[in-house]
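J.: Coordinates for the following, if possible.
(one chain, ligands or ions: 1)
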Amino acid sequence: MSQTEWVINSDHFGPWLKKWQHTVNVMAEACHCSAGYIVQCSSDGLMTVVASEKQAIKYGTGDVVGYDINLYCKKIVETKDPLYVRDARKDTFWADNPEVADGLVSYLGMPIFLPCGDLFGTICILNEEPTNFDPIYPKLVEQFRNIVESDLELIQRNKELEEIAITDEMTGLYNRRGFKALAHQQHKLARRIGCSMGLLYLDIDDLKEINDVIGHEAGDEAIIQLARGMEECLRDNDISARIGGDEFVALVLLSEIDTLPAVIQRMNLYFSHQLLSLGRPLKVSIGGILVPEVEMDFDQLLDSADQEMYRTKRARKAG
Ligand SMILES: Nc1nc2c(ncn2[C@@H]2O[C@H](COP(=O)(O)OP(=O)(O)OP(=O)(O)O)[C@@H](O)[C@H]2O)c(=O)[nH]1
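T.: Coordinates of the predicted model:
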């Protein structure tokens, strides 16, 4: 995960947040403390990911506090070390900590690290009375911290596997599965924002001949060049995919000035300047259709765009 992605806004973390909620509830209760927290840090500040449910204090899930505020967890972000404050009222360092003003005078917290070694945030317990914890309490919090770190590793792996499952290895574009999964979301988005959408179908001309005459590597090069061309010509939020050997599709959001023929023209112009090894031109046939606003079967739409592409290919080869 990126350091700026808040976990509470991420689909990947949904089921885990419930488990973490249970973890902080149990941790606070087992340590006889007023509150338990898991906190995430990012450049924007410290966000409460989960707060124990039986607590009488201010910070709840989603609250963000900037680094200009002298919270206990901020100290851990700076030092990346565990922190135990028995009674903050006895140390002037904490005089401006609003948690102390809220009556939370004792704190025990540990850093939580991401699998890459970066700091994710903290796990902590706070109490309204000074504490003098038996050494088993820090061990307990550490154990809960270890569980959260293992969860983060699993979440990371799941995310990577999901990405692999929807990505075409050779080009880095989406594969057919990824395209179909995202196309529906994109279709909904287009309807919500009142934008038209076009479906493009691209196919390399005579790839078999390129493979046979120049070599398979030149064929691979053509495929990769086509993928890069799509990235160059389309916007970041358009969805490009390789759905077969030399077959590519793109779902593009069309603005008023950027009509479907204009997009196709831009791509044709781009590819007309692309050369493969030995100076052979990269020839690409492109067909496009407008995507109806109503809910549609994407396989049918792909067939229609494919037919459009073949019409273009036949015309190109004929003339
Ligand atoms: N180098 C390379 N070739 C591939 C890859 N995937 C598919 N192909 C080849 O692409 C060729 C596609 O052949 P066809 O569908 O007949 O199309 P074409 O030769 O491009 O002819 P037209 O599309 O009619 O212009 C086949 O020979 C496949 O073996 C790949 O990943 N790398």
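J.: Flag every residue of the stretch 101-250 of the chain that's near the ligand.
T.: With CB under 6 Å from any ligand atom as the criterion, the stretch 101-250 of the chain meets the ligand at residues 170, 203-209, 211, 216, 219-220, 223, 245-246. (Each C-beta comes from the backbone N, C-alpha and C, glycine too.)
J.: just for the stretch 1-150 of the chain, where's the confidence low?
T.: Within the stretch 1-150 of the chain, the stretches with pLDDT under 70 are 1-4, 55-58.
J.: On the C-terminal side of the longest helix seen in the chain, identify the next helix or strand.
T.: Secondary structure assigned by DSSP state H gives helix 136-165 as the longest helix of the chain. Next helix or strand after helix 136-165 toward the C-terminus (DSSP states H and E): helix 176-193.
J.: average pLDDT for that next one?
T.: The predicted model gives helix 176-193 an average pLDDT of 89.
J.: Which elements pack onto that helix?
T.: Packing partners of helix 176-193 (3 or more CB pairs under 8 Å, 6 or more residues apart in numbering; DSSP states H and E): strand 196-204, strand 239-242, strand 247-254, helix 298-318.
J.: switch to 10 Å and redo it
T.: helix 136-165, strand 196-204, strand 239-242, strand 247-254, strand 284-291, helix 298-318 (3 or more CB pairs under 10 Å, 6 or more residues apart in numbering; DSSP states H and E).
J.: These into a markdown table, with extra columns for mean neighbour count?
T.: Shown next, in a markdown table, are the helices and strands packed on helix 176-193 (neighbours: other CB atoms under 10 Å):
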| stretch | mean neighbour count |
| --- | --- |
| helix 136-165 | 15 |
| strand 196-204 | 23 |
| strand 239-242 | 24 |
| strand 247-254 | 23 |
| strand 284-291 | 21 |
| helix 298-318 | 15 |
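J.: Now distance to V263 too, for these, in JSON lines please.
T.: Listed next are the helices and strands packed on helix 176-193 as JSON lines, based on distance: least, CB to CB, whole Å:
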{"stretch": "helix 136-165", "distance to V263": "27"}
{"stretch": "strand 196-204", "distance to V263": "6"}
{"stretch": "strand 239-242", "distance to V263": "12"}
{"stretch": "strand 247-254", "distance to V263": "6"}
{"stretch": "strand 284-291", "distance to V263": "7"}
{"stretch": "helix 298-318", "distance to V263": "13"}
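J.: With respect to D96, which of the ones you listed lies nearest?
T.: helix 136-165 (25.1 Å; CB to CB).
J.: Which one, of the helices and strands packed on helix 176-193, ends up nearest to P98?
T.: Shortest distance between P98 and the helices and strands packed on helix 176-193, using CB to CB, is found for helix 136-165: 22.2 Å.
J.: can you pull the buried residues of stretch 41-48?
T.: The neighbour-count check on stretch 41-48 (16 or more other CB atoms under 10 Å) flags C41, S42, G45, L46, M47, T48 as buried.
J.: what's near enough to touch the residue nearest to F144 when sequence neighbours are not counted?
T.: In space, F144 comes closest to M27 once its chain neighbours are excluded; the distance is 5.1 Å by CB to CB, 6 or more residues apart in numbering. Contacts for M27 (CB atoms under 10 Å, 6 or more residues apart in numbering) come out as 33, 35-38, 52, 108, 123-125, 137, 140-141, 143-145.
J.: Outline the domain layout of this protein.
T.: Using automatic domain parsing, the domain parsing of the chain gives 7-164, 176-318.
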